[in-house]
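Asks: Here you go, sequence then predicted model.
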Amino acid sequence: MKAERRSILKRLFASVVGVTGLRVATAGTVVETGRVDRSDDLQQDVPLYSGSTRLGNLVFIQGIGAHFEGDVKAHTDHVLKEIEKELVKAGSSMAKVLKVNVLLHDPKDYKAMNEVYKGRFGSKPPVRTTVGVRSGVPNKSLVEMDCIAYV
């Protein structure tokens, strides 16, 4: 019974993700994910991360910040434009974003960030988590965002 339920869950998960040959890990096994396409824009000799990764019909966009002088509205606008560029390059769009994570340097900037964020993802906004980062967003950005979308 337990093995049958696990088999059903594996097939369901594989169909949701849209990947042929996906094998869900159990204790001591390796996850096979098939081919993963990565953006090469930020690649160096030994990359630490990818600008985006695509798995099946899902696109994962890295955390993008704004590393220049300005207020949270300017940073938010810049970050959203950069996310849109990555999405378009991966074959997706802002309207196809499912999930956004927002890191705020200062939680007091929540309202100002929302003013710029509002309406950028089409008529049905994605699920979002917003966190005020106690130690600040890396590299002095006032906001950083990453997202998951579909193609």
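Replies: Everything's here; your move.

Asks: what about residue 70, how many neighbours?
Replies: 14 (other C-beta atoms under 10 Å). Every residue, glycine included, has its C-beta placed from N, CA and C.

Asks: How about residue 124?
Replies: Neighbourhood size, residue 124 [other C-beta under 10 Å]: 7.

Asks: Domain map for the protein?
Replies: 1-34, 35-150 (automatic domain parsing).

Asks: which of those domains has the lowest average pLDDT?
Replies: Confidence, taken as mean pLDDT, is least for domain 1-34 of the domains of the chain (a mean of 49).

Asks: so when I look at residue 63, I'm seeing a strand, right?
Replies: Yes. Remark: residue 63 belongs to a strand, assigned using DSSP: H, G, I helix; E, B strand; the rest coil.

Asks: ok, which stretches of this structure are strands?
Replies: Remark: strands assigned in the chain by DSSP state E are 36-38, 52-55, 58-65, 97-104, 127-132, 143-150.

Asks: contact partners of the fifth one?
Replies: Strand 127-132 is contacted by residues 98, 99, 100, 101, 102, 103, 104, 105, 106, 107, 110, 113 when judged by C-beta atoms under 8 Å, 6 or more residues apart in numbering.

Asks: That strand versus strand 97-104: what angle between them?
Replies: 10 degrees (axes from the mean of the first three to the mean of the last three C-alpha atoms, to 10 degrees).

Asks: in its sheet, what does strand 127-132 sit against?
Replies: strand 97-104 (parallel) (DSSP bridges).
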